[in-house]
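Please work out how this folds:
(one chain, ligands or ions: 1)
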Amino acid sequence: MQKLDPYINVDPGTMNPYEHGEVFVTDDGGETDLDLGHYERFIDENLTKLSNATTGSIYSSVIAAERHGEYLGKTVQVIPHVTNEIKNRIASLVAEDVDVVITEIGGTVGDIEILPFLEAIRQVRLDVGRANVCYIHVTLVPFIGPTGEQKTKPTQHSVTELRSRGVQPDAIVCRSESPISDELKRKISGLCDVDPSAVVNAADAASIYEIPLVLHDEGLDQEVCGILRLGGHKPDLSAWRKLNQRIEDANETVRIGLIGKYVTLPDAYLSVVEALNHAAIYHGASVDIEWIQSESVEGLMAESTLSGLDGIVIPGGFGERGVEGKINAAAYARENNLPCLGICLGLQAMTVEYARNVLGLTNAHSSEFNPRTPWPVIDLMESQRQITDKGGTMRLGACLAKLRAGTKVAEVYGTEVVSERHRHRYEFNPKLRSRFEGQGFIISGESPDGLLVEFIELATHPWWVGTQAHPEFKSRPDRPAPLFCGLLEAALDRSRSRTAARLSTETAQHIKNISEVSVG
Ligand code: GLN
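Model (predicted):
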């Protein structure tokens, strides 16, 4: 699977999450569009950098080739040079064990930036043979409130625009808030010249994991296999059905606070949210996420903001805003036995908290936020100091870590060596490591050479665990990331014991009332 993005950034790595949501990291260190996360979660395959290309990366290749003299003196143009490069990116996924390449083109038909991509996919049909390509167009069928009507006009317009670029869709997937009628599908079929059976509806579902079942019920799979002449396969959707059944059957809710900086755009933490959902599905529960602006945990606000929660996640992030709130949240969690999972910047905030409040290292900080701190407990490694280029230069992609036997982290992973994906510049400062160890602070995993700290935990806390990696990227609906499972288990314990405590106070009060009544 592949996503082509028409914007000009070379990759989304340098974009603010408010612009583009989360940056998804692949095993091979690609900083990619968050849709790749969906692809991995749905098809359960690890993708690579090749699965995402932007206009910026395509032009970079074309311009580099021109500088190398590869165009032999020709004028370099959008057609054929840029379109050829787009086609090369699509072809780069072709391999012995690949039957079908699914390429999604981002953006909207009608955008200026999308034109070379539409031209390239038009040409692909000619290159590989008409019968070997299926164009699926995804459109929105909006619901106009006051009149209660669903409108087909946007679909008609975008299909007209697409055809003017030489692409006639073979199938149309209509997204809508509520289901659309067969009559409306027939209307779209007639107006857009697409077989009625190839107009399918993806109405909003309660869970994203229902969508494969919805599309199957709508017949999209059969339709596409028919168009591509792939034979009459019957999909085995039993695992998906079971997963959805578990989601429906969840009979416990756990409240997790997500202490973030970009909380008004939940897409900024998409994989974290999905990893929490996967862990909840595993435990037969559902998760209620409380979005907490990290600045609101600064000062004396921690108690009122965090006391009602069963657990917290302190996710990754960049830049100083909200960091003190994350440090405060880590301290509150440690002091109040509140389960806490720190991810990347989260681990760094936990380390700073512990240094300041337990080890007494006054003004300890990460040198990212206070370059003059007397105690840079989080710092740049020598290799990172030299780097000035911002694109693709962090510690990126899958790295191995060896775990310390007997720790909580080793227990939930159930193995000695793990591989998780990274995306950060700063590290736990190895020069200050000895100050931490032996005080109940446990380094539960480190890089194979022993230089870098990868996991931390506390000996006497139900779950105060930090990781320098991003385990959320490898979480799958039926194979949740172990650290998220550990967090949810501790959070469920807390929620159950709180419910039990509340019930026993209520019962005691009830008995007291009854005895007062009978005495009266
Ligand atoms: N800003 C921190 C660093 O670069 C953490 C990054 C992250 O959380 N992904 O090390």
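
Shouldn't Ala469 be within a helix?
No - assigned with DSSP: H, G, I helix; E, B strand; the rest coil, Ala469 falls outside any helix and is coil.

For the residue nearest to it when sequence neighbours are not counted, give the beta-bridge partners.
Counting by Cβ to Cβ, 6 or more residues apart in numbering, Glu420 is the residue found nearest to Ala469 once chain neighbours are left out, at 3.5 Å. Quick note: C-beta positions are derived from backbone N, CA and C, even for glycine. According to DSSP bridges, the partner residues bridging Glu420 are Cys399.

Model confidence score at Glu420, please.
pLDDT recorded at Glu420 is 98.

ok, now Met301?
The model's pLDDT for Met301 equals 79.

How about the backbone phi and psi for the closest residue to the ligand within the chain?
Closest approach of the chain to the ligand (Cβ to the nearest ligand atom) occurs at Gly316, with a separation of 2.7 Å. Per-residue torsions, Gly316: phi -70, psi 170 (degrees, to the nearest 10).

Tell me how many other residues surround the residue lying closest to it once chain neighbours are set aside.
The shortest distance from Gly316 to any non-neighbouring residue, by Cβ to Cβ, 6+ apart, is to Cys344 (3.6 Å). By the criterion of other Cβ atoms under 10 Å, Cys344 has 23 neighbours.

can you check the one 4 residues further on too?
Here the neighbour count serves as a burial measure; for Gln348 (other Cβ under 10 Å) it reads 30.

My read is that it contacts Ile378, right?
Yes - the criterion here is Cβ atoms under 8 Å, and Gln348 meets it with Ile378 at 4.5 Å.

Contacts only, for the nearest residue to Lys187 once chain neighbours are set aside.
Residue nearest to Lys187 in three dimensions, not counting chain neighbours: Thr152, with 5.8 Å by Cβ to Cβ, 6+ apart. Going by Cβ atoms under 8 Å, 6 or more residues apart in numbering, Thr152 touches Val141, Leu184, Lys187, Ile188, Leu191.

Most neighbours among those residues, which one is it?
Using other Cβ under 10 Å as the neighbour criterion, Val141 leads the contacts of Thr152 with 23 neighbours.

Go ahead and confirm that one touches Ile180.
Yes - using Cβ under 8 Å, Val141 makes contact with Ile180 at a distance of 5.6 Å.

joint contacts of those two?
What both Val141 and Ile180 touch, as defined by Cβ under 8 Å, 6+ apart, is the set Gln150, Cys174, Asn201.

For the helix or strand hosting the second one, buried residues please.
So that's Cys174. For Cys174, the enclosing helix or strand under DSSP states H and E is strand 171-176. Buried positions in strand 171-176, judged by neighbour count with 16 or more other Cβ atoms under 10 Å: Ala171, Ile172, Val173, Cys174, Ser176.

And those residues, which is closest to Gly37?
Nearest to Gly37 among the buried residues of strand 171-176 is Val173, at 20.0 Å by Cβ to Cβ.

Spatially nearest residue to that closest one (excluding sequence neighbours)?
Val138 (4.7 Å).

and if you look at Leu487?
Nearest to Leu487 is Leu341, by Cβ to Cβ, 6+ apart, at 4.3 Å.

how close does Ser178 get to Gly148?
10 Å (Cβ to Cβ, to the nearest Å).

Looking at those two, which is more packed in?
Between Ser178 and Gly148, Ser178 has the larger neighbour count (other Cβ under 10 Å), namely 10 against 7.

and the more buried one, that one's in a helix?
No - judged by three-state DSSP, Ser178 forms no part of a helix; its state is coil.

Can you pull the phi and psi angles for it?
phi -120, psi 160.

cool, Ser181 as well?
Per degrees, to the nearest 10, the backbone of Ser181 is at phi -80, psi 160.

list the contacts for the closest residue to it other than its chain neighbours?
The spatially closest residue to Ser181, leaving aside those adjacent along the chain, is Gln150, at 8.0 Å (Cβ to Cβ, 6+ apart). Residues near Gln150 by Cβ under 8 Å, 6+ apart: Val141, Pro142, Phe143, Ile144, Ser176, Ser178, Ile180, Ser181, Leu184.

How much space separates Gln150 from Thr32?
The value you get for Gln150 to Thr32, if Cβ to Cβ is used, is 34 Å.

rewinding a little: was I right to think the residue nearest to Gly316 contacts Pro471?
No - contact between Cys344 and Pro471 fails when scored by Cβ under 8 Å: they sit 9.9 Å apart.

Give the burial count for Leu503, as a bare number.
By other Cβ under 10 Å, neighbour count at Leu503 equals 10.

State the pLDDT value of it.
Reported pLDDT for Leu503: 86.

Tell me the buried residues in the one helix or strand it maps to?
Following DSSP H and E, one finds Leu503 within helix 482-519. Going by neighbour count (16+ other Cβ under 10 Å), the buried part of helix 482-519 is 482-495.

in the protein, what secondary structure element scores lowest on mean pLDDT?
None of the helices or strands of the chain scores lower by mean pLDDT, DSSP states H and E than helix 382-385, at a mean of 85.

and that one, how far from the chain's centre?
Distance, stretch centre to chain centre, for helix 382-385: 28 Å (Cα atoms, centre = their mean, to the nearest Å).

then that helix to CSV, C-alphas only?
Written as CSV, here are the backbone C-alpha positions of helix 382-385 (Å, rounded to 0.1, in the frame of the first residue of the first chain):
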residue,chain,number,x,y,z
GLU,A,382,27.9,13.9,20.2
SER,A,383,26.7,12.6,16.9
GLN,A,384,23.6,14.9,17.0
ARG,A,385,25.5,18.0,18.0
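
sorry, back to before: contact partners for the residue nearest to Val173?
Ile172, Val173, Arg175, Ala202.

Give me every residue in the stretch 301-450 of the chain lying close to the ligand.
Gly316, Gly317, Phe318, Cys344, Leu345, Glu368, Arg423, His424, Arg425, Tyr426 (Cβ under 6 Å from any ligand atom).

Those residues: which two are farthest apart?
Farthest apart among those - using Cβ to Cβ - are Glu368 and Arg423, which lie 14.0 Å from each other.

State the helix or strand in which the most centrally placed residue in the chain lies.
Closest residue to the average C-alpha location of the chain: Ser271 at 2.3 Å, with Cα atoms, centre = their mean. Secondary structure assignment for Ser271, by DSSP H and E: helix 270-282.

packing partners for that helix?
On a contact count with 3 or more Cβ pairs under 8 Å, 6 or more residues apart in numbering; DSSP states H and E, helix 270-282 meets helix 35-43, helix 238-249, strand 253-260, strand 286-293, helix 482-519.

Outside of stretch 292-307 itself, list whatever touches it.
Taking Cβ under 8 Å, 6+ apart as the rule, stretch 292-307 contacts 257-261, 263, 312, 321-326, 328-329, 331-333, 336, 338.

Mark which of the residues you listed are buried, thanks.
Buried among the contacts of stretch 292-307 (16+ other Cβ under 10 Å): 257-261, 263, 312, 322-326, 328-329, 331-333, 338.

So which of those sit within strands?
Gly257, Leu258, Ile259, Gly260, Ile312 (DSSP state E).

from these, which is closest to His157?
Using Cβ to Cβ as the measure, the one of those that approaches His157 most closely is Gly260, at 37.5 Å.

show me the contacts for the closest one.
With Cβ under 8 Å, 6+ apart, Gly260 has these contacts: Ala268, Tyr269, Trp291, Ile292, Gln293, Ser294, Pro315, Gly317, Gly322.

and if we set it to 6 Å?
Tyr269, Pro315 (Cβ atoms under 6 Å, 6 or more residues apart in numbering).

Which pLDDT value belongs to it?
Confidence score, pLDDT, at Gly260: 94.

and it, bridged to which residues?
In this entry, Gly260 is beta-bridged to Gln293, by DSSP bridges.

where's it relative to Arg479, distance?
Counting by Cβ to Cβ, the gap from Gly260 to Arg479 is 25 Å.
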